[in-house]
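Student: Turn this into a model:
(4 chains)
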There are 2 protein chains.
Amino acid sequence: MASPEPSTGELGETPLSATQDRILSAALELFGEHGVNGTSYQMVADTLGVTKAAIYHQFKTKDDIVIAVTERELSKLGDALAAAEAEKSHTKARELLLNAVVDHAVEHRRAASTLQFDPVIVRLLAAHKPFQLFVERLYRALIGDDTGPEARLDVAILSSTIGGTVVHPLAADIDEETLRARLLHTARRILGLSG
Amino acid sequence: MASPEPSTGELGETPLSATQDRILSAALELFGEHGVNGTSYQMVADTLGVTKAAIYHQFKTKDDIVIAVTERELSKLGDALAAAEAEKSHTKARELLLNAVVDHAVEHRRAASTLQFDPVIVRLLAAHKPFQLFVERLYRALIGDDTGPEARLDVAILSSTIGGTVVHPLAADIDEETLRARLLHTARRILGLSG
DNA sequence: GTCTATAGAATGATAGAC
DNA sequence: GTCTATCATTCTATAGAC
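Tutor: Predicted structure coming up:
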């Protein structure tokens, strides 16, 4: 079980100690390499050169780690999302958010992909309300108030394309600039923002 | 370790008994739900209503199961791939193969996605030579002999889009016809086959 | 914050009977 | 092809000392 959420429902409100942050970074990298189910307390402890008990002292269950690491990553898009929601022009808002999403995905390839495709995390995203709300805000900012099936399919295609491409073996040797440019172009076409 | 491969390097040559087939189907479904690392012999056995030992009698290691299930799925594209390679027109070949790939992905959503994104399977695909060869043939048939970075990036985007979208929560309620049509359209645009 | 030590369950895998 | 029984290992998790 996770710690009780603060009242605002915002992500990343619970401040993390430096120790906790190091644990989450190690865990996230291992999650990307072996999947959540393939990552144990022992592996995280070995990576940091400490014992399992030291990790348990910070995170009582594995779910706690997964929630914290997901929260930390999602919250990195928080500022961009808030800025997009504050924008009066829908076009500008989308462009702004799209850039932030692609930037994050390209800079943290493994992390971005793990968050989207690991079955354990997918299940958590669907079950944990703060995550649901955040992801829904993200979607709405990208497609506007059109919540019809076609618009939702656009977002599904968009997020699959971005999240999948950044870790695809055939894209492994593509530099960040090229990848970012290509993904932005593809994303705009998917959303119908340009030809 | 897997059984020694036959000389031709073709996929799916080893005929499967009905029992083995039932095991692989159960395993594949569990892989899709919990990931390979989150699926145990016990879970497969429970699904089929037998004991672990019965499963071990057919597949001596977990890797054997993963290889067999991957082989069985990939081989479903074997005929379409061979047909595409036999086509003289590159355009027709690509169109043919693209249809087969999208069809398979839409009809076996979970399976298609698991094969592409599960870390255990990804590692196996990269290490097992018959898989490497088959996947390379697939890529080559889709983009022709242009093996430059841009063409490979096209395939990365293409396969991520297809493999990711079919299991995306936002696409869960989209019917097969709509999904197939939309993916085909998107795929053609990615490969530059139409506007 | 980190350690040793441990409990209890589950895991991958094997041997041998039917 | 399936079963019971077993083994060594690993896993999540806890207790208590430093």
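Student: Quickly list the domain ranges of chain A.
Tutor: Domain assignment of chain A by automatic domain parsing yields the ranges A:18-69, A:73-191.
Student: how about these in a markdown table, adding distance to chain B, mean neighbour count and mean pLDDT?
Tutor: No exception for glycine: its C-beta is placed from N, CA and C like everyone else's. As requested, these are exported to a markdown table (distance: least, Cβ to the nearest Cβ, whole Å; neighbours: other Cβ atoms under 10 Å in any protein chain shown; pLDDT from 0 to 100):
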| stretch | distance to chain B | mean neighbour count | mean pLDDT |
| --- | --- | --- | --- |
| domain A:18-69 | 4 | 18 | 98 |
| domain A:73-191 | 3 | 18 | 96 |
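Student: Save these as CSV, and put in distance to DNA strand C too.
Tutor: Supplementary listing: these in CSV, determined by distance: least, Cβ to the nearest atom of the strand, whole Å:
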stretch, distance to DNA strand C
domain A:18-69, 3
domain A:73-191, 14
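Student: Same list (those domains) but as TSV, adding distance to residue B:112.
Tutor: Supplementary listing: the domains of chain A in TSV, determined by distance: least, Cβ to Cβ, whole Å:
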stretch	distance to residue B:112
domain A:18-69	18
domain A:73-191	12
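Student: Roughly how far does residue A:61 sit from DNA strand D?
Tutor: Going from residue A:61 to DNA strand D by Cβ to the nearest atom of the strand, to the nearest Å gives 4 Å.
Student: So that residue versus residue B:137, what's the distance?
Tutor: With distances taken as Cβ to Cβ, to the nearest Å, residue A:61 is found 45 Å from residue B:137.
Student: so what's the closest residue to residue A:191 other than its chain neighbours up against?
Tutor: Using Cβ to Cβ, 6 or more residues apart in numbering or on different chains and skipping residues adjacent in sequence, the residue nearest residue A:191 is residue A:154, 6.1 Å away. Residues in contact with residue A:154 (Cβ atoms under 8 Å, 6 or more residues apart in numbering or on different chains) are A:143, A:190, A:191, A:192.
Student: CA-only coordinates of stretch A:147-159 in PDB, if you can.
Tutor: Taking Å, rounded to 0.1, in the frame of the first residue of the first chain, the C-alpha atoms of stretch A:147-159 are listed here in PDB:
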ATOM      1  CA  THR A 147     -13.500  12.300 -26.100                       C
ATOM      2  CA  GLY A 148     -14.900  10.200 -29.000                       C
ATOM      3  CA  PRO A 149     -13.400   6.900 -30.000                       C
ATOM      4  CA  GLU A 150     -11.500   8.400 -33.000                       C
ATOM      5  CA  ALA A 151      -9.900  11.100 -30.900                       C
ATOM      6  CA  ARG A 152      -8.900   8.500 -28.200                       C
ATOM      7  CA  LEU A 153      -7.500   6.300 -31.000                       C
ATOM      8  CA  ASP A 154      -5.300   9.200 -32.100                       C
ATOM      9  CA  VAL A 155      -3.900   9.400 -28.600                       C
ATOM     10  CA  ALA A 156      -3.400   5.700 -28.400                       C
ATOM     11  CA  ILE A 157      -1.400   5.700 -31.700                       C
ATOM     12  CA  LEU A 158       0.500   8.800 -30.600                       C
ATOM     13  CA  SER A 159       1.600   7.400 -27.300                       C
END
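Student: Got the phi and psi for residue A:61?
Tutor: When read as degrees, to the nearest 10, the backbone of residue A:61 gives phi -140, psi 170.
Student: for DNA strand D, what are the nearby residues on chain A?
Tutor: A:39-43, A:52-53, A:56-57, A:60-63 (Cβ under 7 Å from any atom of the strand).
Student: same thing but at 6 Å, please
Tutor: Contacts of chain A with DNA strand D, taken as Cβ under 6 Å from any atom of the strand, map to A:40, A:41, A:42, A:52, A:53, A:56, A:60, A:61, A:62.
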